[in-house]
Each structure stands twice: as C-alpha cells, then as structure tokens.
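>>> make a model of this:
(one chain, ligands or ions: 1)
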Amino acid sequence: MRLTSSLLAVLAALSTLPAAAQEGLEIVGKPEQGKMGFQPAATELARDLQWLDGMINVIIIAIVLFVTALLALAAVRYNRRANATPAKFTHNSPLEIAWTIIPIVILVFIGAFSLPILFKQQEIPEGDINIKVTGYQWYWGYEYTDHEFAFDSYMIGSPATGGDNRLTPEVEEQLVEAGYSRDEFLLATDTAVVVPVGKTVVMTVTGADVIHSWTIPAFGVKQDAVPGRLAQLWFEAEKEGVYFGQCSELCGQAHAYMPITVKVVSEEAYQQWLDGAIEDYAGTPRARQVAAAE
Ligand SMILES: [Cu+2]
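This next block holds a predicted model:
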C-alpha cells in the first residue's frame, strides 16, 4: 500500500515536469498571512475593481460618520433630561424630499462608475488565447481549444497526486520539486494554466457535476462553472508570475482542495511551453492547424 502510494507520488512528480518548465517565476498572486485588502492587481480589470472598492469605501465611511453624528446629536440633545417637553410635529416636507433625493443621487453617482467597470468585465473581447475550463469534483480540467489539447490540474497533495489532502513531508517534497514551497500547499497544482503576458485570454467556464467557480483574485475575475451552461471571462495579465485562486463555490467535501494555478510567462516561454504541451497532450500540431485555417 505504501509502495503504491509512493510510486504514485513519483509518477505525479514526473508528470509535473512539463508544467514546471518556467523556472524563476515570481509568485505574485497569493493570499498573505495576516494581510488585509486585495492581492496586487495584475490586470486592468482588477485595478478598476480595486479603485471602485476604495471610492465606494469613502462614500460608506462618510455616510456612517454622518449617521453616527446624527444619532449622537439626538441622544445628547433630545433625551428626557435635556428636552423634557418634546415637540409634537410629525412632518417636514423639505427634509423628506432631501432624504429621498440625496440617496438617489448617491446611487446614480456610484452606478455611473460601477456599470462601465461591470460592462468591461462582461463584454468578452476576441481572445488571442482561448481556454475552456471545466470544474469537476474536485479538480479543474483545461482545454486549449486553439490547439486541441487538454489536461487536468490537481492540487499537489491531493489523492490524484498520491496524497490525502494533508501536508506531509512527501507532499512538501513534491511542492519543492514543482518549484513551490510548503507555503503554497492548498494553492499549488500539479499542472498549471500557462498564458503569455499582455495577451487577451478568453476562458469558457463550465461545470461537469455540480457548480464550481473559477477565480484568480489578482486578475479580478470570478465566474461560476455551471453544469450544462457555458459562461465566459477574460483577462490580460500585465506582469509575469505565478497566480493562485481557489474554487469559490461550495461544491462538496473536497471543495477546499481544488485550487487554481496560472503561470503568466513571456511570449517566448509560452511558445516553448505550447510546443511541449502539444507534444505531451497530443494536441494538433501547428503546421496542420495553419493548413486547416487556409
Ligand atoms: Cu469546486
């Protein structure tokens, strides 16, 4: 039993070799211990989101301070001791019009900024690279549709890689082998989505069994993977590096063990990886693709 599991581990470690071809990539998109706020934005979409969050936060803080001040004023000036005989009037039309109109103006102001940002996310551009991602219980499958090859992506330390979803010394070894450290346990996968920097990537997202959700926080993208439906998201990563995400729709017992790893690499490294992947995963060779396009 032990022998088979260590054999599996070795096989899994070997199978990560093509994906680990991009050495020296900085780990950029990752949650940090004890930190608050967003991960560093790596796309225009994420920058927009984070700016919008900051802007709305200012409005929220202003409203909270204003309402708190009104409450304090009412409590101090109009309590029974300070104001023994209260006024008996019930209506104040100018005031009522003001507290109806002002919130509408605030909401329209917010909408004027948030809707364009929402549309930018949801209007899917023509992709330089098209990838179909399918959520399974409990891993992700990726299909590079332009080159007709597909592979699955399992968490390092998951049963498929010879582990049992716990951080053991063997799993730590596998992580190091694949270019990560024990800190990336629960985030790093055996194979990764590899995309070139500065190119438009369109991902078509679906689920095979239950609803999952594909996300990379640093890219500002998150899309539910619904069985029987195709949804799309897009991003254009601006900085080379490794980015992590996790399934974001509660999908069953091993929901916590189906992370997402995206490697953003130079165009050159991407072409190199693509050649290897077409070879490894029996994709359509480029020559034949060009011929088919003509
Ligand atoms: Cu899931």
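>>> tell me the buried residues in the strand or helix carrying residue 107?
Using DSSP states H and E, residue 107 sits in helix 93-122. Buried positions in helix 93-122, judged by neighbour count with 16 or more other Cβ atoms under 10 Å: 114, 117, 121. Quick note: C-beta positions are derived from backbone N, CA and C, even for glycine.
>>> cool, and stretch 246-266?
246-249, 251, 255, 257-265.
>>> near the ion, which residues of the stretch 151-294 of the chain?
By the rule Cβ under 5 Å from the ion, the part of the stretch 151-294 of the chain lying against the ion is 212, 247, 251.
>>> per-residue confidence for the second one?
At residue 247, the predicted lDDT confidence score is 97.
>>> then residue 111?
For residue 111, the model assigns a pLDDT of 97.
>>> the nearest residue to residue 196 once chain neighbours are set aside: what's it in contact with?
Nearest non-adjacent residue to residue 196, counting by Cβ to Cβ, 6 or more residues apart in numbering: residue 270, 3.8 Å away. Residues near residue 270 by Cβ atoms under 8 Å, 6 or more residues apart in numbering: 194-196.
>>> isn't there a helix covering residue 270?
Yes: according to DSSP: H, G, I helix; E, B strand; the rest coil, residue 270 belongs to a helix.
>>> how near is it to the ion?
27 Å (Cβ to the ion, to the nearest Å).
>>> returning to that earlier point: from the buried residues of stretch 246-266, which ones fall inside strands?
246, 259-265 (DSSP state E).
>>> buried sites along the helix or strand harbouring residue 278?
Under the criterion of DSSP H and E, residue 278 resides in helix 267-280. Going by neighbour count (16+ other Cβ under 10 Å), the buried part of helix 267-280 is 269-270, 273-274, 277-278, 280.
>>> pLDDT added to those, as CSV?
Converted to CSV, the buried residues of helix 267-280 look like this (pLDDT from 0 to 100):
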residue, pLDDT
269, 95
270, 95
273, 95
274, 94
277, 93
278, 92
280, 90
